[in-house]
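Peer 1: sequence first, predicted coordinates after that:
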Amino acid sequence: MILVTGGAGYIGSVTTLALKEEGFEVLVVDDFSKGHRDLAFGDRLEEGDLRDPAFLEGVFSRYPVEGVLHFAARSLVGESMSDPEGYYDVNLRGTLNLLATMRAHGVRRFVLSSTAAVYGDPTEQPISEEAPKVPTNTYGETKLFLEGALRRYRDAYGMGSVSLRYFNAAGADPRCRTGEHHVPETHLIPLIFDAIEGRRKHLTLFGEDYPTPDGTCIRDYVHVTDLAQAHVRALRRLLEAPDRCEAFNLGNGDGHSVRQVLQVAEKATGRPVPLEVGPRRSGDPSRLVASSRKAQEVLGWVPEHGDLEDIVSTAWAWYIKRFPAD
Ligand SMILES: NC(=O)c1ccc[n+]([C@@H]2O[C@H](COP(=O)([O-])OP(=O)(O)OC[C@H]3O[C@@H](n4cnc5c(N)ncnc54)[C@H](O)[C@@H]3O)[C@@H](O)[C@H]2O)c1
Ligand SMILES: O=c1ccn([C@@H]2O[C@H](COP(=O)(O)OP(=O)(O)O[C@H]3O[C@H](CO)[C@H](O)[C@H](O)[C@H]3O)[C@@H](O)[C@H]2O)c(=O)[nH]1
């Protein structure tokens, strides 16, 4: 049985479906602080908080867990600067509890949701795994700490792990069973849809004076279904050889500017996006594009939904299903 923490959230719910399609039995653990009950697709569900060691002990005593995919975290960059303690509490204390319970029960396979935020504002593009890691916010620092902790856990206790550094997760399950539903929403593509649907007055474009061809920030949008497939591959690799400790970037290797995303969204929806150009959002690097060569070579991972139109149109289909017009 595979334990998926945060399995009622965005990327965790898509990955749960992928694992089940591959024949794995899935146990979802979620405290529903951010997740949604109707998006928890595991064969079994345990509601609880990773910060509670007694809860975790009960879960690992009751289920034959072979490996853990760990999505549960707090992950809002701005909030991580105003409430660092909350981020240390969930991302560090919660994860260390989880690792301690795994150790106590001899579970030695762990996949961490890491992030491009571990690189901070990198000078090299596309970004390889070897690029300097200088996070510029508490959120990125917590994930970088956990990656380092996993190296120590491998050396000291034989815990095997894969850290997957996602760039901009986007899109939805092509069958529309799940997708992005963050509260509050801070990500570009669902915010564009909110503006199109009149749920907010306009989309604020955060700065058009960046050193990029059209002046807006460039990101590497990667389809959530492709991320889910990378998790299945990482898990299989650990099932074959549990003593590894590795990290992989996950992106398409293509950068798209905010203006380009807006254009694709207008085409996919057939609707104009009410827009206001605002100042830069503090802490936004001008360009984040992944080199995922290592994931391709080692995991055999090739994104199948890399096309931005595919990403945006699956996100739109999910959005209109999840949030029908009033
Ligand atoms: N969304 C992105 O673009 C992105 C990019 C890079 C990395 N990540 C990482 O991927 C992971 C998943 O992101 P997401 O966008 O699906 O987030 P999400 O908020 O949709 O899902 C997180 C889930 O974890 C649960 N959770 C949070 N704290 C918990 C706790 N203490 N105990 C039990 N459950 C708890 C929430 O209820 C939620 O269901 C996170 O670790 C995030 O840092 C996301
Ligand atoms: O209302 C908005 C929202 C976003 N943007 C722009 O759109 C781009 C994408 O922004 P997102 O907030 O969707 O994504 P980020 O690149 O800021 O964040 C991603 O990378 C972060 C780390 O760098 C975290 O991992 C986060 O979860 C992940 O989605 C950025 O250039 C941002 O400035 C706008 O112009 N207006």
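Peer 2: Received the coordinates, thanks. Ligands and ions are numbered 1, 2, ... in the order given.
Peer 1: and the stretch 151-300 of the chain, which of its residues are near ligand 2?
Peer 2: Applying Cβ under 6 Å from any ligand atom, we find that the stretch 151-300 of the chain lies next to ligand 2 at 168, 186-188, 191, 203-206, 217, 219, 258, 281, 284. From N, CA and C alone the C-beta is placed, and that goes for glycine too.
Peer 1: return a PyMOL selection command for the buried portion of those residues.
Peer 2: Per 16 or more other Cβ atoms under 10 Å, the buried members of those correspond to this PyMOL selection:
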select buried, resi 168+188+191+203+205+206+217+219+258+284
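Peer 1: strands - which of the residues of the stretch 151-300 of the chain next to ligand 2 land there?
Peer 2: Using DSSP state E to define strands, the subset of those located there is 168, 203-206, 219.
Peer 1: from the residues of the stretch 151-300 of the chain next to ligand 2, which two are the most distant?
Peer 2: 168 and 204 (17.6 Å; Cβ to Cβ).
Peer 1: how many residues are close by the residue nearest to residue 243 when sequence neighbours are not counted?
Peer 2: Spatially, and ignoring its direct neighbours in sequence, residue 243 is nearest to residue 160 (5.2 Å; Cβ to Cβ, 6 or more residues apart in numbering). Neighbourhood size, residue 160 [other Cβ atoms under 10 Å]: 22.
Peer 1: how about residue 160, what does it touch?
Peer 2: For residue 160, the contacting residues are 108-110, 154, 238, 241-245, by Cβ atoms under 8 Å, 6 or more residues apart in numbering.
Peer 1: try it again at 6 Å.
Peer 2: 108-109, 238, 242-244 (Cβ atoms under 6 Å, 6 or more residues apart in numbering).
Peer 1: as TSV, the residues you listed with pLDDT, secondary structure and neighbour count would be great.
Peer 2: TSV is the format used below for the contacts of residue 160 (pLDDT from 0 to 100; DSSP: H, G, I helix; E, B strand; the rest coil; neighbours: other Cβ atoms under 10 Å):
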residue	pLDDT	secondary structure	neighbour count
108	97	coil	20
109	98	strand	24
238	97	helix	23
242	81	coil	18
243	88	coil	12
244	95	coil	15
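Peer 1: for ligand 1, what's its nearest residue on the stretch 151-300 of the chain.
Peer 2: Relative to ligand 1, the nearest point of the stretch 151-300 of the chain is residue 169 (3.5 Å; Cβ to the nearest ligand atom).
Peer 1: thanks a lot, see you next time.
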